[in-house]
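**Student:** fold the following.
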Amino acid sequence: MPKIRSEKDVWELVDRWGFLPFFRNTVPGFSIEEHTPREIWFSDVPGPWEWKGPVIRLGGCAYGKLFASKAGYISERMLPDFLNYRRDGYDFDSRYECGLAGRKDLDVFDTVSRYGSLLSKKLKSLCGYTRSGGQKGFDGVITRLQMQGYICVSDFEYMVDKTGKTYGWGVARYSTFDGMFGEDLTRSAYSREPSESFERLVSAVEKSFPDAPRNNIEKLLVYR
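**Tutor:** Predicted coordinates for the structure are as follows:
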């Protein structure tokens, strides 16, 4: 069983398996949580929570709420089939035009596309999700856009105090998958049927976890 003790260990496991959910799930052993020693899961030293930004910056992988609406990484080599399956043949504009996405989703997607990338606080402000009388439901919108394969987390940034020290939890910076990885990559599996891409995703997990029931793998990867 691999042990995760650094951001490099996380990155290497993403690269080896193709996917790496953050939390334990329907496939036993397939998570950062299960391979991280308890003493560094929550501690005063940097651990998986603080490594998210550094892992993303190493390149070659994407991060977001991608597995059953929970966080995880996906390698660049698996990304085309992942996006082809999750988008189900629709770029976001066509999804909206066909009535398969709401106005709130359009506003958030268009705002991120227009700016290239945005910290979550700024994105909420621009889209009217303010604490006093603003729109509601931002978390649902941003999670849905990640699960559908349109938006990902491109970094995490920390607040800095007067002495220059960082504090608090990292603030997510959102980008579109197309903007972060380029359309040549993100659309490179469009020639395949989404169902074929799904089979390729399942097969990749089966290769690493041959004893996992197929139904459990499907529960982790499927989007409804």
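**Student:** neighbours of the nearest residue to residue 87 once chain neighbours are set aside, how many?
**Tutor:** Sequence neighbours aside, residue 149 is the residue nearest to residue 87 in space, at 4.9 Å (criterion: Cβ to Cβ, 6 or more residues apart in numbering). All C-beta spots, glycine's among them, are computed from the backbone N, C-alpha and C. If you count neighbours by other Cβ atoms under 10 Å, residue 149 ends up with 26.
**Student:** repeat for the one 3 residues further on
**Tutor:** Residue 152 sits with 28 neighbouring residues when counted by other Cβ under 10 Å.
**Student:** show the average pLDDT along whichever strand or helix holds it.
**Tutor:** Secondary structure assignment for residue 152, by DSSP states H and E: strand 151-160. The average pLDDT for strand 151-160 rounds to 91.
**Student:** and for stretch 134-142?
**Tutor:** Averaged across stretch 134-142, the pLDDT comes to 93.
**Student:** distance between it and the chain's centre?
**Tutor:** Put simply, stretch 134-142 sits 17 Å off its chain's centre (Cα atoms, centre = their mean, to the nearest Å).
**Student:** what does the host helix or strand of residue 64 rub up against?
**Tutor:** Per DSSP H and E: residue 64 is located in strand 61-67. Strand 61-67 is contacted by residues 11, 14-15, 19, 21, 25, 52, 55-56, 71-76, 79, 82, 142-143, 146-147, 151-153, 177, 180-181, 220-221 when judged by Cβ atoms under 8 Å, 6 or more residues apart in numbering.
**Student:** can you rerun that using 6 Å?
**Tutor:** 14, 21, 56, 71-75, 143, 146, 152-153, 220 (Cβ atoms under 6 Å, 6 or more residues apart in numbering).
**Student:** give me the buried subset of these.
**Tutor:** 14, 21, 56, 71-75, 143, 146, 152-153, 220 (16 or more other Cβ atoms under 10 Å).
**Student:** between these, which sits nearest residue 135?
**Tutor:** Nearest to residue 135 among the buried ones among the contacts of strand 61-67: residue 143, at 15.3 Å, using Cβ to Cβ.
**Student:** measure the residue lying closest to the closest one once chain neighbours are set aside to residue 94 for me?
**Tutor:** Distances taken as Cβ to Cβ, 6+ apart place residue 65 nearest to residue 143, at 4.9 Å, with adjacent residues excluded. Counting by Cβ to Cβ, to the nearest Å, the separation of residue 65 from residue 94 is 23 Å.
**Student:** show me the contacts for the residue nearest to residue 87.
**Tutor:** 83, 86, 87 are the contacts of residue 149 under Cβ under 6 Å, 6+ apart.
**Student:** mind listing what's buried along stretch 55-68?
**Tutor:** Counting neighbours by 16+ other Cβ under 10 Å, one finds that the buried residues in stretch 55-68 are 55, 56, 58, 61, 62, 63, 64, 65, 66, 67, 68.
**Student:** so which residues of this protein form helices?
**Tutor:** 7-17, 32-35, 38-41, 48-57, 79-87, 92-97, 103-115, 120-126, 138-147, 177-181, 183-186, 194-208, 214-221 (DSSP state H).
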